[in-house]
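>>> one predicted model, sequence on top.
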Amino acid sequence: MTVAHYEVLSLRIASDPQRTVGTNFFFDSFPGPADLPMPQDYLSWVLRGDGRCILVDTCFTAASAERRRRHMHRSLEALLADLDIEPAGVTDVIMTHLHWDHAGNIGLFPNARFHVQAAELAFCTGPAMLHQGVSKIYNREDVQSFMAPLFEGRVAIVDGDATLFPGIDVHKVGGHTPGSMTVTVATRRGPVVLASDAAHFYANFQGRSPFPILENFPQALTAFDIIDRLSGGSIAHVIPGHDPIIASAYPKLGERHADIVCLHENPVIDIAAAMARQFSLGKTA
Ligand SMILES: [Zn+2]
């Protein structure tokens, strides 16, 4: 039996330089001074191989970035153009969850099928959205834009764990949101686990202290155990959803591609050392 192997590309679209250590962990025994800067990156991922080109998450639009004061590096559309990927030609998009920073740009993909957990769709269209503190982490426009593929039969509902394609498995972990899922991709260096927001930063995962936006705290802790199992206990096979360390830990796709790194290659720096620097100097690498 031949095994499908994929290229996994991380596209860095935007950053939030305002965050500090104290805002990024549930437990207040922080790995560094609470007021130390600890910026976030905002990413999408492209999986290429076995005759497929699949997008994981759609990040956000320039309008959202401006409204929420995030610093945009390149739009998703521009980064895809750099990769010669025509949005209308994208056939499948895997949504790890539907928070505003993962589910913008839906209309950019008029022919794609969107894979999403049933629990996520129910949550962001259900009574929990009556609470402004919960609904503000979703963009109403994004949730509304998700109705187009839904009513056109282009949403593939996932309920639990599933193999979506040969070599691409999703695991429902919940915790951060009810329908949060991880994506495990077979590469030539072994499985790459896109944790997405089941682990915003390496330090959330390593310290077993989740990012404080949570729907179910025990599930968030169990998610760490699931990621640990899926990655074979190797931090080099875990990809957090927002950690700026990623941009320097993996080789760039090429000179022309400053914001695209190759997760199917081995890390080029020691991730544990980069984490230590994150808390001693406030720098990521
Ligand atoms: Zn996020």
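Thanks, I have the structure now.
>>> same for the helix of greatest length in the chain, what does it pack against?
Assignment by DSSP state H gives helix 217-230 as the longest helix of the chain. Applying 3 or more Cβ pairs under 8 Å, 6 or more residues apart in numbering; DSSP states H and E, we find helix 217-230 packed against strand 181-187, strand 190-196. C-beta coordinates here come from the backbone N, C-alpha and C atoms, glycine included.
>>> quick one, helices of this structure?
62-67, 76-82, 118-124, 132-135, 140-145, 147-151, 202-206, 217-230, 245-249, 271-280.
>>> want to try JSON lines for these, with mean pLDDT, mean neighbour count and distance to Gly167 as columns?
Converted to JSON lines, these look like this (pLDDT from 0 to 100; neighbours: other Cβ atoms under 10 Å; distance: least, Cβ to Cβ, whole Å):
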{"stretch": "helix 62-67", "mean pLDDT": "95", "mean neighbour count": "15", "distance to Gly167": "32"}
{"stretch": "helix 76-82", "mean pLDDT": "97", "mean neighbour count": "18", "distance to Gly167": "22"}
{"stretch": "helix 118-124", "mean pLDDT": "98", "mean neighbour count": "20", "distance to Gly167": "23"}
{"stretch": "helix 132-135", "mean pLDDT": "97", "mean neighbour count": "11", "distance to Gly167": "35"}
{"stretch": "helix 140-145", "mean pLDDT": "97", "mean neighbour count": "16", "distance to Gly167": "29"}
{"stretch": "helix 147-151", "mean pLDDT": "98", "mean neighbour count": "14", "distance to Gly167": "24"}
{"stretch": "helix 202-206", "mean pLDDT": "97", "mean neighbour count": "22", "distance to Gly167": "23"}
{"stretch": "helix 217-230", "mean pLDDT": "98", "mean neighbour count": "18", "distance to Gly167": "13"}
{"stretch": "helix 245-249", "mean pLDDT": "97", "mean neighbour count": "21", "distance to Gly167": "21"}
{"stretch": "helix 271-280", "mean pLDDT": "92", "mean neighbour count": "16", "distance to Gly167": "24"}
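>>> of those helices, which is nearest Pro39?
The closest of the helices of the chain to Pro39 is helix 271-280. By Cβ to Cβ, the value is 9.8 Å.
>>> who touches that closest one?
Applying Cβ atoms under 8 Å, 6 or more residues apart in numbering, the set of residues contacting helix 271-280 from outside is 21, 31-33, 36, 38, 201-203, 206, 235-236, 245, 248-249, 283-285.
>>> sorry, back to before: compare the helices and strands packed on helix 217-230 and give me the one nearest Val155.
For Val155, the closest of the helices and strands packed on helix 217-230 is strand 181-187, at 14.4 Å, according to Cβ to Cβ.
>>> packing partners of that closest one?
strand 7-16, strand 168-172, strand 190-196, helix 217-230.
>>> returning to that earlier point: hey, what's the angle from the longest helix of the chain to strand 181-187? Just curious.
With axes from the mean of the first three to the mean of the last three Cα atoms, to 10 degrees defining the directions, helix 217-230 sits at 10 degrees from strand 181-187.
>>> now do helix 217-230: everything it contacts.
With contacts defined as Cβ under 8 Å, 6+ apart, helix 217-230 is touched by 26, 171, 173-176, 180, 182, 184, 191, 193, 195, 198-199, 205, 208, 210, 214, 238.
>>> in JSON lines: the helices of the chain, plus distance to the ion.
Conversion of the helices of the chain to JSON lines gives the following (distance: least, Cβ to the ion, whole Å):
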{"stretch": "helix 62-67", "distance to the ion": "12"}
{"stretch": "helix 76-82", "distance to the ion": "14"}
{"stretch": "helix 118-124", "distance to the ion": "13"}
{"stretch": "helix 132-135", "distance to the ion": "15"}
{"stretch": "helix 140-145", "distance to the ion": "13"}
{"stretch": "helix 147-151", "distance to the ion": "21"}
{"stretch": "helix 202-206", "distance to the ion": "12"}
{"stretch": "helix 217-230", "distance to the ion": "13"}
{"stretch": "helix 245-249", "distance to the ion": "13"}
{"stretch": "helix 271-280", "distance to the ion": "18"}
